[in-house]
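Sequence and predicted structure, then a few things I'm wondering about:
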Amino acid sequence: MVFEKVVEILRNYKEEPELEVSMDSTFEELELDSLDTVELVMEMEESFDTSIEMDTELKTIADVVGLIEKAIA
């Protein structure tokens, strides 16, 4: 469920309804810079009603999904 919501947020943000996203997708592959990442994390925090610690280790969608799942558990 978390992955699907993250994908939905990414597709809306990039305005690409058919954007291919997998757990292994990196921000770089999705052509997201650091500002995009910050904006997306803020949107995800709002969507999941939680706080996500920004970290340089956040490189893939799996990293973000894992943080969100941990935060809402």
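Cool, got the structure.

ok, which stretches of this structure are helices?
For the chain, applying DSSP state H gives helices covering 2-14, 34-48, 61-72.

what's the closest of the ones you listed to residue 24?
helix 61-72 (6.6 Å; CB to CB). Every C-beta, even on glycine, is put in place using the N, C-alpha and C of the backbone.

which of the residues in the closest one are buried?
61-62, 64-65, 67-68, 71 (16 or more other CB atoms under 10 Å).

average model confidence for it?
Per-residue pLDDT over helix 61-72 has a mean of 91.

Report the distance from it to the chain centre.
With CA atoms, centre = their mean, to the nearest Å as the basis, helix 61-72 stands 9 Å off its chain's centre.

going forward can the numbers begin at 30, since that is how I track them
Sure thing, new numbering starts at 30, so read that last one as helix 90-101.

Give me the helices and strands touching it, please.
Counting contacts by 3 or more CB pairs under 8 Å, 6 or more residues apart in numbering; DSSP states H and E, the secondary-structure elements packed against helix 90-101 are helix 31-43, helix 63-77.

Would you mind writing the CA trace of the shortest one as CSV?
Once side chains and other backbone atoms are set aside, the C-alpha atoms of helix 31-43 remain, and they are given as CSV (Å, rounded to 0.1, in the frame of the first residue of the first chain):
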residue,chain,number,x,y,z
VAL,A,31,2.8,2.5,0.9
PHE,A,32,4.6,1.8,-2.4
GLU,A,33,1.5,2.3,-4.5
LYS,A,34,0.8,5.7,-2.7
VAL,A,35,4.4,6.8,-3.2
VAL,A,36,4.2,5.9,-6.9
GLU,A,37,0.9,7.9,-7.2
ILE,A,38,2.6,10.9,-5.5
LEU,A,39,5.6,10.7,-7.9
ARG,A,40,3.4,10.4,-11.0
ASN,A,41,1.3,13.4,-9.9
TYR,A,42,4.4,15.4,-9.1
LYS,A,43,6.1,14.7,-12.4
